[in-house]
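K.L.:
predicted model and sequence follow; I will ask about them next.
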Amino acid sequence: MEISDRVALVTGANRGIGEAFVRVLLAEAGAAKVYAAARDPADAAHLEREFPGRCIAVRLDVTDGAQISAAAERCGDVGLLINNAGLFTNQLLIGAADMSHARAEMEVNYFGPLAMIRAFAPALARNGDGAVINVLSAAAIVALPNMGGYSPSKAAARMLSTSARAELAGQGTHVAALIVGSVETRMAAHVQGAKEKPEDIARAGLRAAERRIDELDTDRMAVEVRAALQLDPKGLERRLAKLLGAQSISTGK
């Protein structure tokens, strides 16, 4: 597909990878217009000022069905949907006081993209040769025990990407899943070591849509995690489990 002159909608567009997608789409890829979706449109107002007339802030909580329906009606010219909004609560699955955090992560990271794809599928078909980009995580291909419900929710979204790709193939809409490693964002503030720039992840994601790549490892960490998983899956599981023990020691739990 061609990104140039296309209209896109990005969820969680007010910061991090979502904000980077907006900038790369408008400043580099030649998109005609981008709807910058955020729970509070004021948080994306700086992007409207940066790209007057080409960036439009939209109120959108991906767990709110009414807001999703309103956005789909308002943004009927969308040909590229980027499901970027995500939630990491930093709670364990069993060790948390209750299941509310795990449910919230599943609502945002799995049911949110599903609801968005369902709502925007007609527009993607109508506008022709469309695409969906689901921003996932290395946690979607290997469980990170110290991240609680985040891995299960991202793994579910990975399976969603495959199923949606099959269902939408007949209307010419492609679904690309991005396996993202460590990126310089607020969500990854707890991660140590080298981190990628959000703009580089956005560029990789747009290439995946243009070339109709089903699943793309966007950065070095994602590639290394997949390689380790193939070489020694049980060894990788044991190493990741140690992170849980190290976290428990550091927090005194």
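P.N.:
In hand now; what should we look at?
K.L.:
ok but Leu216 is inside a helix, no?
P.N.:
No - under the criterion used here (DSSP: H, G, I helix; E, B strand; the rest coil), Leu216 is strand, not part of a helix.
K.L.:
next up, the contacts around the closest residue in space to it that isn't next to it in sequence.
P.N.:
Spatial nearest neighbour of Leu216, chain neighbours left out: Ala208 (4.3 Å); criterion: C-beta to C-beta, 6 or more residues apart in numbering. Using the backbone N, CA and C atoms, a C-beta is placed for each residue, glycine as well. Applying C-beta atoms under 8 Å, 6 or more residues apart in numbering to Ala208 gives the contacts 133, 176, 178, 216.
K.L.:
okay, and the beta partners of the third one?
P.N.:
Beta bridges link Leu178 to Val135, Leu216, judged by DSSP bridges.
K.L.:
phi, psi of Val10?
P.N.:
phi -120, psi 120 (degrees, to the nearest 10).
K.L.:
hang on, the earlier thing: compile the contacts of Ala208 into CSV and extend it with columns for neighbour count.
P.N.:
As requested, these are arranged in CSV below (neighbours: other C-beta atoms under 10 Å):
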residue, neighbour count
Ile133, 25
Ala176, 25
Leu178, 28
Leu216, 20
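K.L.:
which of those sits closest to Asp98?
P.N.:
Nearest to Asp98 among those is Leu178, at 31.1 Å by C-beta to C-beta.
K.L.:
which positions within the helix or strand that contains the residue nearest to Leu216 qualify as buried?
P.N.:
Ala208 is located in helix 198-210, with elements delineated by DSSP states H and E. By neighbour count on 16 or more other C-beta atoms under 10 Å, the buried set for helix 198-210 is 198-206, 208-210.
K.L.:
what's near enough to touch Gly12?
P.N.:
Counted by C-beta under 8 Å, 6+ apart, Gly12 has contacts 18, 37-38, 84-86.
K.L.:
over to it. Which of the three states is it?
P.N.:
coil.
K.L.:
got phi/psi on the residue lying closest to it once chain neighbours are set aside?
P.N.:
In this structure, Gly12 finds its nearest non-sequential neighbour in Ala85, 3.3 Å apart by C-beta to C-beta, 6+ apart. Per-residue torsions, Ala85: phi -60, psi 130 (degrees, to the nearest 10).
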